[in-house]
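Q: give the three-dimensional model of this entry:
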Amino acid sequence: PPVHHNGHMASADQPTVNRFRLLGWAFALTGLAIVGVLLFAFVVNAISLVGLWIGIPLTLLSLPMLQRFADLHRRWAGSMLGEEIPSPYHPSPDEGMLAQLTAAATDPARWRDLAWLLVNSVAGVALAVTAIGMFLGAVAHLVLFAFWPALPQDAEVDLLGGVVVHDQLTAAYFGIPLGVVYLFLWWWASPWLMRANAHVIRWLLAPTEKERLAGRVRELSESRAETVDTQ
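A: The predicted structure is shown next:
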């Protein structure tokens with residue numbers, strides 16, 4: 001993750017960012033996005049069955065799964081942005097499934113989790129796949145000439161730059177420069193793409209100012225109650 005110097009976070013284009021670690025995160029986030037789509041379907045189907053009562057335990061089962069999934073992304077986004085992104089959920093009652101379900105239904109953070117799953121399946125995947133695509137495109141261009149003898153004799157390859165090559169020489173002549181260009185683009189853009197993904201996560205999953213204030217009031221109330229009990 002970005003490092004701090006004198007209290008300031010290093011910019012995304014500084015060499016302190018490990019691009020290959022970012023690439024690994026891009027692959028991981030893409031895979032997790034698929035899990036998120038399945039989780040979204042499970043939660044929505046559980047909610048739709050609440051009227052049949054079986055949906056109540058299913059919903060209460062799915063909510064902790066969704067919370068842990070969102071917390072995982074909060075931690076990752078916090079590491080990218082150099083800040084902590086706390087969980088914004090309201091306290092849940094200890095007993096009574098209906099009371100727990102009501103508390104969850106009136107918690108805006110739970111609904112933002114669902115909205116984030118949809119946004120992540122599009123915007124999050126697009127940002128991660130763009131970083132992956134630039135790297136794989138660079139590698140493919142750079143090594144094409146080396147693997148050309150393994151291709152059929154009449155092979156034609158349309159490079160990402162719009163150039164069609166027919167032999168090993170042109171594959172090296174056009175492929176290597178284009179590969180260097182894509183490698184530079186990946187090196188420069190991947191930190192910004194992953195930080196943009198982290199900003200999307202913070203935008204939807206971080207507590208709002210109202211939730212921060214409510215949490216602070218709740219902490220003060222609990223602290224006051226504990227002080228009174230102690231006295």
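
Q: can you give me the strands in the chain?
A: Taking DSSP state E as the test, the strands found in the chain are 4-5, 8-9, 157-158, 164-165.

Q: tally of neighbours for the closest residue to M194 other than its chain neighbours?
A: In space, and not counting its chain neighbours, M194 is closest to L22: 5.1 Å by CB to CB, 6 or more residues apart in numbering. For the C-beta atoms, the positions are set from N, CA and C on the backbone; glycine is no exception. If you count neighbours by other CB atoms under 10 Å, L22 ends up with 21.

Q: what of L118?
A: By other CB under 10 Å, neighbour count at L118 equals 13.

Q: show the pLDDT at it.
A: Looking at L118, its pLDDT is 94.

Q: excluding chain neighbours, what is closest to it?
A: In space, L118 is closest to F40, 6.7 Å off (CB to CB, 6+ apart).

Q: is it true that the one you found touches W116?
A: No: F40 lies out of contact with W116 (CB atoms under 8 Å); the separation is 9.5 Å.

Q: grab the longest helix from the protein for me.
A: Counting by DSSP state H, the longest helix found in the chain is helix 168-205.

Q: for that helix, buried residues please.
A: 168, 170-172, 174-175, 178-179, 181-183, 185-187, 189-191, 193-198, 200-202, 204-205 (16 or more other CB atoms under 10 Å).

Q: what's near enough to touch the residue nearest to L118?
A: L114, L117, L118, S121 (CB atoms under 8 Å, 6 or more residues apart in numbering).

Q: which of those lies closest to L29?
A: S121 (11.2 Å; CB to CB).

Q: the closest one contacts G36, doesn't it?
A: Yes: applying CB under 8 Å, one finds S121 in contact with G36, separated by 6.2 Å.

Q: quick one: which of those two has more around it?
A: Neighbour count, other CB under 10 Å: between S121 and G36, G36 has more, with 24 against 15.

Q: surely the more buried one and V122 touch.
A: No: the criterion here is CB under 8 Å, and G36 misses it with V122 at 11.0 Å.

Q: which stretches of the chain form helices?
A: Listed in chain order, the helices of the chain (DSSP H) span 19-48, 55-81, 97-105, 108-119, 125-147, 168-205, 209-230.

Q: which pLDDT value goes with the closest residue to P93 other than its chain neighbours?
A: Leaving aside its sequence neighbours, P93 sits nearest to A99 (CB to CB, 6+ apart; 4.2 Å). pLDDT, A99: 89.

Q: if anything else comes up later, I'll come back, but that's it for now.
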